[in-house]
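**Student:** quick one: sequence and predicted model below, then my questions.
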Amino acid sequence: MTLSTQAPSNKRNQAMNAFILGIAAIIFALTTNAPGAISFLGFLSPVAGLLSIIAGARALGQAGASQRALALRGMMAGIFGAILFVIFLISQSNNAMKALGPQTFSGTGIQLTYPGSWQPVDISQSPTCKQTGVTCVMALSSTDGTSFNIIKTILPQTAKIDSVADAQLWQQYVTGEPKANRTDHTLITVDGQSATRWLLDIPAQSAASGHDYIEQVYVVKDTSFYTITGLAITSDALTTYRPAIDGMIASIHFVP
């Protein structure tokens with residue numbers, strides 16, 4: 001008599017467990033689209049789905065139609081949850097791949113392409129960006145803190161970057177940074193406009209290596225004077241990221 005009452009009770013419990021686990025599989029699947037650590041709960045969806053199927057299969061031997069129906073609903077919910085998880089996971093993976101692909105920036109007279117591994121940074125509250133007549137066009141940061149930014153100032157008249165202008169710019173620069181060491185400088189073009197590119201090694205107490213390593217480009221478009229800076233705290237970092245920095249500079253187009 002005792003065994004006959006326990007078996008149906010156990011089957012009812014299995015059917016209820018199947019239903020609860022099936023619903024849990026759907027809920028966990030929905031968290032796959034959630035930001036941050038919560039999204040990892042999504043990986044519990046296929047686990048809950050499998051357990052709901054196992055519990056439901058054990059309960060299907062119950063004679064009661066309502067218990068079989070509950071178990072079947074739980075199993076279907078578990079399967080549906082697992083399918084949702086796969087769909088959401090593929091969608092999230094595709095979005096992540098797109099985010100790592102080339103990104104486009106457009107604004108303040110500049111359009112360029114940058115790697116998705118570089119993230120935009122807000123520098124609008126920095127002292128430089130608060131100066132009158134200075135516009136901080138954009139700023140990016142790599143995973144190790146190497147940065148890339150563009151600053152624009154307006155000239156009273158059109159100008160051209162040539163060897164004379166390059167020498168004048170250097171004299172102005174060393175007035176503010178007398179210990180700066182210009183290891184290389186080359187006249188280049190940016191979107192058809194003449195420009196100069198410097199490589200700099202500057203003592204900096206705030207840097208872990210004691211130096212800032214900089215690639216800097218100056219270019220003028222009409223009366224807009226652009227200062228383009230790639231900054232790294234080690235020479236190896238600048239060497240590593242120079243292809244990306246040069247690629248961003250090469251992709252620049254001046255737009256209305």
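**Tutor:** Structure's in. What do you need?
**Student:** for Leu200, what are phi and psi?
**Tutor:** phi -130, psi 150 (degrees, to the nearest 10).
**Student:** do I have it right that it meets Val174?
**Tutor:** No. Here Leu200 does not reach Val174: they are 10.4 Å apart, not a contact under Cβ atoms under 8 Å. Where you see a C-beta, it was placed from the backbone N, CA and C, and this is true even at glycine.
**Student:** what helix or strand is Ser194 on?
**Tutor:** Using DSSP states H and E, Ser194 sits in strand 193-203.
**Student:** other SSEs contacting that strand?
**Tutor:** Counting by 3 or more Cβ pairs under 8 Å, 6 or more residues apart in numbering; DSSP states H and E, the packing neighbours recorded for strand 193-203 are helix 163-176, strand 181-190, strand 211-221, helix 235-250.
**Student:** relative orientation of that strand and helix 163-176 in degrees?
**Tutor:** Relative orientation of strand 193-203 versus helix 163-176 (axes from the mean of the first three to the mean of the last three Cα atoms, to 10 degrees): 30 degrees.
**Student:** strand partners of strand 193-203, parallel vs antiparallel please.
**Tutor:** Here strand 193-203 is paired, per DSSP bridges, with strand 181-190 (antiparallel), strand 211-221 (antiparallel).
**Student:** how far off centre is the last one?
**Tutor:** Meaning strand 211-221. How far strand 211-221 lies from its chain's middle: 24 Å, per Cα atoms, centre = their mean, to the nearest Å.
**Student:** check stretch 173-191 too.
**Tutor:** For stretch 173-191, the distance to the chain centre is 31 Å (Cα atoms, centre = their mean).
**Student:** endpoints of that stretch, how far apart?
**Tutor:** In stretch 173-191, first residue to last residue: 24 Å (Cα to Cα, to the nearest Å).
**Student:** go on, stretch 55-68?
**Tutor:** 11 Å.
**Student:** which residues does it contact?
**Tutor:** Stretch 55-68 has contacts (Cβ atoms under 8 Å, 6 or more residues apart in numbering) with 8, 11-12, 14-15, 17-18, 21-22, 70-72, 74-75, 78.
**Student:** alright, that wraps it up for me.
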